[in-house]
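J.: Sharing a sequence plus its predicted fold:
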Amino acid sequence: MKNIAKLLVILFVSISIYNCGGKSNTDERKKIEQMLAQEKESKTIHDIDQLIKDLPAPSLVPFTLKSINAEFKSELINDLGNLEKYKGKADKMAMNMGVYASDVNYLAAYGREEQCLEYLKASHAMAQELGDSTIYDEAHLQNFLGHIKNQNQEEISKILSELFVTTSIQMEEDHHLNMAGLALAGSFIEGMYQAVVTIDKAPETEANEKILRPLVELVLNQESALREVILVLNDLPSDDAISTIVTELQILDVLYKGELKEIEEKMKADPNFVVKKHMLVDIDGEIKRIRQWIVE
């Protein structure tokens, strides 16, 4: 179980690293590769080398949104007012800890330092309630706040890495491993949600279709990442929450093997092929439905 815990830490931290984008990505990815290399002698069911190649890329969503000049939308993050609903419900709290992890990075990408600080504090409180050890103090958060103001993406990446590693590294017992797995799934879905809602809300004009193409490609390229998340979850001790989220993710996997695969192939064959909203209606609907189930 300890090996799975380390893999969950690496995946969970990778979400934060990729969200922060910038020049630090290459250096931080090398660090992750070194961490994974140390685990090669005791692999889990799936291949660790492939795992590093397919780290969940929905974490790229915030900076992709920024790059296409998409406006900040508060409806793309889970309101902190929902925290009260999750108290006493460990599974819900774990999934939404992952949701808030992605929201932290969305807020950081748009320079919302005060909100970012609030979400980090909320994530810390959730981790404590779930029984996980953390290293957390005001100095960490004030330092983080300063780097958001200056849009220092390299330092943002370092601080988020430290916070999430120290939060997750103690997850060695079965119960905590499952909480980490649920958090990973929540973070994955939140990144996807931010992407599909942005695509759905944009007026369907020729100009917007061109602008949104990088975001559409990002959504279409998630098949391998999705399967890696499913494999990680399937390595964990099975319970109702894990079984339910795996079933939900497998529905997405079916879509990727079918109609989304056809769309991706058409885009590769024809650089001028335009993806219309109605072509993404199924993945859009499923992501929104799963996300609603997680945050409700």
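T.: Sure thing, it's come through.

J.: isn't residue 204 right next to residue 275, touching?
T.: No. Contact between residue 204 and residue 275 fails when scored by CB atoms under 8 Å: they sit 10.8 Å apart. Every residue, glycine included, has its C-beta placed from N, CA and C.

J.: Compare these two (neighbour count), which wins?
T.: A count of neighbours by other CB atoms under 10 Å puts residue 275 above the other of residue 204 and residue 275, at 19 against 12.

J.: From what I see, residue 255 and residue 287 are in contact.
T.: No. Assessed by CB under 8 Å, residue 255 is found out of contact with residue 287, at 9.6 Å.

J.: And the two? Which one has more around it.
T.: Neighbour totals were compared for residue 255 and residue 287, and residue 287 leads with 26 against 18 (other CB under 10 Å).

J.: Mind giving me the packing neighbours of whatever helix or strand that one lives in?
T.: Following DSSP states H and E, one finds residue 287 within helix 281-295. Helix 281-295 makes packing contacts with helix 90-109, helix 174-201, helix 240-257 when contacts are defined by 3 or more CB pairs under 8 Å, 6 or more residues apart in numbering; DSSP states H and E.

J.: got the angle between it and helix 240-257?
T.: If you take axes from the mean of the first three to the mean of the last three CA atoms, to 10 degrees, helix 281-295 sits at 170 degrees to helix 240-257.

J.: quick one, helix 281-295 and helix 90-109 angle?
T.: Our comparison of helix 281-295 with helix 90-109, counting by the same axes, to 10 degrees, yields an angle of 110 degrees.

J.: how near is residue 288 to residue 118?
T.: Distance from residue 288 to residue 118, counting by CB to CB, to the nearest Å: 25 Å.

J.: rewinding a little: would you mind saying which of the helices and strands packed on helix 281-295 lies nearest residue 84?
T.: When the helices and strands packed on helix 281-295 are compared for distance to residue 84 using CB to CB, the nearest one is helix 90-109, at 11.0 Å.

J.: what's the next secondary structure element after that closest one?
T.: Counting by DSSP H and E, what follows helix 90-109 is helix 113-129.
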